[in-house]
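>>> Build me a structure from this.
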Amino acid sequence: MEIVIVAAGIAVLLVLILHLRLPAFMALLMVSAGVGIALGMEPAAVLASITSGMGSTLGFIAVVVGLGTMLGALLEFAGGVRAVAGSLLAGPGTGRASWALGGTGLLVGVAVFFDVAFVILVPLIRPLCEESGRHPMYFATPLLAGLLVGHAFIPPTPGPLAVAELLEADLGWVIIMGFACGIPAMIVAGPLLARRYLALPATALHPVQPRSAEDAQEQISIRLGEALFAILLPLVLIVGNTAGQRLLPEGPLSTLLGFIGHPFIALLLACLYAYVAFGVTRRVPAKRLQDIMTRSLEPAGVVVLVTGAGGVFKQVLVDSGVGDLLGAYFSQQAIPPILLAFILASLIRIAQGSATVAMITAAGLTAPILQHLALSPAQAALVVIAIASGASVASHVNDSGFWLVNRFLNQTEAETLRSWTVISTVAGVTGFVVAALIAAAL
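Coordinates of the predicted model:
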């Protein structure tokens, strides 16, 4: 009966989001409270679970998502996205441009929101098409695959970051496994999948909205090394902390690595570097820098609140005791936790469209189960990647990314289903297969 109640709660959640169009934050809170009452919790206990679940989740997520978003905004303002893309595309020519675009998308997707990065980078496709006479999707496919994988698989982007926090997975291991599974996913869903467009003629692209005169005047240009340093600094520090805790004895060095390698400090250092290198040294007014960083927090606020509501859902399952029941049940089944996580995320993603909601909901359901399993840090990180993979598959008409690709690549809905939906599905399935293979080998 408890499992039936949880399943009914998920069904109600989808109805609230899909049919009643309630914000995911409200829907998750309502379902969490309703499931808690239905499971026999006292009203005061439900309220206590909401408070503790929200507080414990946001205490980490709010800081990291906020810092990561500000870093991405500074990178975008300074032309770092174009610096990375321009350097990777400067030498290869159109023959190897698809590989360069995939790598560009992967790196940029780690630091910048998917939709922002796509709008910035899509103008690169037009000159490549004109030079080569090839179909736009030959170049758009690897770019989209790279952006999708970078944004879904590799922290400090909000999705995998939130899942790692809910599953209490080590962030360094999540970054390592994100690259290990994400690079093959990008290659298969990007340059390799793009070969199906080699025989197709070029088509017209939707004209891209030009930058305003004010933005063009304020645009600065940073070097590739500066952009890469800002992107990779927090990743290197976080992974260095993970490696140091395993390889170094306790002492001043391991303590230092533990401090600067904590996501709070690693991202704070990267933000300070970007603020100085991209702004202060180039005489950008402090008020302008403040506006850029403040405005960037507006979309991040939605992600933070939805993640907090996901933490509430998880806490209600734990405090009600149903988490123990789910853990005991699935620990006796033949379904590996990594497969269960992928299936849950995939079903929720297909039903309601939002990758973030799918990741957070699946993580809230999976977290109580993992508490009953003796998973290593690497195995827990692979479950995070399985959820990210499931939440990436089958982007279709209920996903805002579908319409972004549809509009900017001048496609019909059917063409977008055959292109973008296939890309997202191939990337998600490939990422999961690689994660499952690594898990089997551990």
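>>> Now find how far off-centre stretch 2-17 is within its chain.
25 Å (Cα atoms, centre = their mean, to the nearest Å).
>>> What mean pLDDT does it get?
Stretch 2-17 carries an average pLDDT of 81.
>>> Same check on stretch 341-361?
If you average the pLDDT over stretch 341-361, you get 83.
>>> Also stretch 57-71?
81.
>>> Make 199 the starting number, not 1.
Let's use 199 as the start, then, which means that last one is stretch 255-269.
>>> what comes up buried for that stretch?
Residues of stretch 255-269 classed as buried under the neighbour-count rule (16 or more other Cβ atoms under 10 Å) are 255-256, 258-260, 262-269. C-beta here means a position set from N, CA and C on the backbone, and glycine is covered the same way.
>>> before we move on, what about stretch 328-348?
332-348.
>>> Among those residues, which are located in helices?
Taking DSSP state H as the definition of helices, the buried residues of stretch 328-348 contribute 334-348.
>>> Could you single out the nearest of those residues to G370?
G348 (17.4 Å; Cβ to Cβ).
>>> Tell me if I'm right that that closest one and G303 touch.
Yes - contact criterion Cβ atoms under 8 Å: G348 and G303 qualify, at 6.2 Å.
>>> list residues touching both of the two?
Counting by Cβ atoms under 8 Å, 6 or more residues apart in numbering, the residues touching both G348 and G303 are M384.
>>> Contact partners for E274?
Contacts of E274 by Cβ under 8 Å, 6+ apart are V310, V314, I318.
>>> Quickly note the distance from V310 to L390.
25 Å (Cβ to Cβ, to the nearest Å).
>>> How about N596?
To L390, N596 is 28 Å away according to Cβ to Cβ.
>>> what do you get for V263?
33 Å.
>>> continuing past the worst-scoring helix or strand of the chain on mean pLDDT, what's the next helix or strand?
None of the helices or strands of the chain scores lower by mean pLDDT, DSSP states H and E than helix 411-416, at a mean of 44. Note on helix 411-416: by DSSP states H and E, the next helix or strand toward the C-terminus is helix 422-445.
>>> L445: how many residues sit nearby?
Burial of L445 is recorded as 9 neighbouring residues (other Cβ atoms under 10 Å).
>>> and T623, what pLDDT?
Reading off the model, T623 has pLDDT 95.
>>> cool, and the one 5 residues further on?
T628 carries a pLDDT score of 96 in this model.
>>> That one against V386, yeah?
Yes - under the criterion of Cβ under 8 Å, T628 makes contact with V386 at 4.5 Å.
>>> Which of these two has more residues huddled nearby?
T628 (24 against 18).
>>> circling back to that earlier point, quick one: which of V310 and L390 has more around it?
A direct count of neighbours by other Cβ under 10 Å for V310 and L390 places V310 higher, at 27 against 18.
>>> need the contact list for the more buried one.
By Cβ under 8 Å, 6+ apart, the neighbours of V310 are G270, L273, E274, V279, I318.
>>> and the buried residues of stretch 255-269 as JSON lines, adding distance to L364 and secondary structure?
Formatted as JSON lines, the buried residues of stretch 255-269 follow (distance: Cβ to Cβ, whole Å; DSSP: H, G, I helix; E, B strand; the rest coil):
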{"residue": "T255", "distance to L364": "7", "secondary structure": "helix"}
{"residue": "L256", "distance to L364": "12", "secondary structure": "helix"}
{"residue": "F258", "distance to L364": "10", "secondary structure": "helix"}
{"residue": "I259", "distance to L364": "9", "secondary structure": "helix"}
{"residue": "A260", "distance to L364": "14", "secondary structure": "helix"}
{"residue": "V262", "distance to L364": "13", "secondary structure": "helix"}
{"residue": "V263", "distance to L364": "13", "secondary structure": "helix"}
{"residue": "G264", "distance to L364": "18", "secondary structure": "helix"}
{"residue": "L265", "distance to L364": "19", "secondary structure": "helix"}
{"residue": "G266", "distance to L364": "17", "secondary structure": "helix"}
{"residue": "T267", "distance to L364": "19", "secondary structure": "helix"}
{"residue": "M268", "distance to L364": "23", "secondary structure": "helix"}
{"residue": "L269", "distance to L364": "22", "secondary structure": "helix"}
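>>> Now compare the residues you listed and name the two farthest from each other.
So, the buried residues of stretch 255-269 by Cβ to Cβ: farthest apart are T255 and L269, at 21.2 Å.
>>> Heading C-terminal from the helix or strand hosting L299, find the next helix or strand.
Using DSSP H and E, L299 sits within helix 291-309. Counting by DSSP H and E, the next helix or strand C-terminal to helix 291-309 is helix 312-319.
>>> can you state the direction angle for the helix or strand following that following helix and helix 291-309?
Elements were assigned by DSSP H and E; along the chain past helix 312-319, the next helix or strand is helix 323-330. With axes from the mean of the first three to the mean of the last three Cα atoms, to 10 degrees applied, the angle from helix 323-330 to helix 291-309 works out at 170 degrees.
>>> Pull the distance from helix 323-330 to the chain's centre.
So, by Cα atoms, centre = their mean, the centroid of helix 323-330 is 29 Å from its chain's centroid.
>>> tell me what it is packed against?
helix 291-309, helix 334-351 (3 or more Cβ pairs under 8 Å, 6 or more residues apart in numbering; DSSP states H and E).
>>> Check those for me: which has the lowest mean pLDDT.
helix 291-309 - the lowest mean pLDDT of the helices and strands packed on helix 323-330, at a mean of 80.
>>> Would you mind writing the CA trace of the helix holding L299 as PDB?
The C-alpha atoms that make up helix 291-309 are tabulated as PDB, following Å, rounded to 0.1, in the frame of the first residue of the first chain:
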ATOM      1  CA  GLY A 291      38.300  23.300 -41.400                       C
ATOM      2  CA  THR A 292      34.800  22.000 -42.100                       C
ATOM      3  CA  GLY A 293      36.000  18.400 -42.300                       C
ATOM      4  CA  ARG A 294      36.700  18.200 -38.500                       C
ATOM      5  CA  ALA A 295      34.500  21.100 -37.500                       C
ATOM      6  CA  SER A 296      31.800  18.700 -36.200                       C
ATOM      7  CA  TRP A 297      34.300  17.300 -33.600                       C
ATOM      8  CA  ALA A 298      35.400  20.800 -32.600                       C
ATOM      9  CA  LEU A 299      31.700  21.900 -32.200                       C
ATOM     10  CA  GLY A 300      31.100  18.900 -30.000                       C
ATOM     11  CA  GLY A 301      34.000  19.700 -27.800                       C
ATOM     12  CA  THR A 302      33.000  23.400 -27.700                       C
ATOM     13  CA  GLY A 303      29.500  22.500 -26.600                       C
ATOM     14  CA  LEU A 304      30.800  20.100 -23.900                       C
ATOM     15  CA  LEU A 305      33.100  22.700 -22.400                       C
ATOM     16  CA  VAL A 306      30.700  25.600 -22.600                       C
ATOM     17  CA  GLY A 307      27.700  23.600 -21.400                       C
ATOM     18  CA  VAL A 308      29.500  23.000 -18.100                       C
ATOM     19  CA  ALA A 309      29.500  26.700 -17.300                       C
END
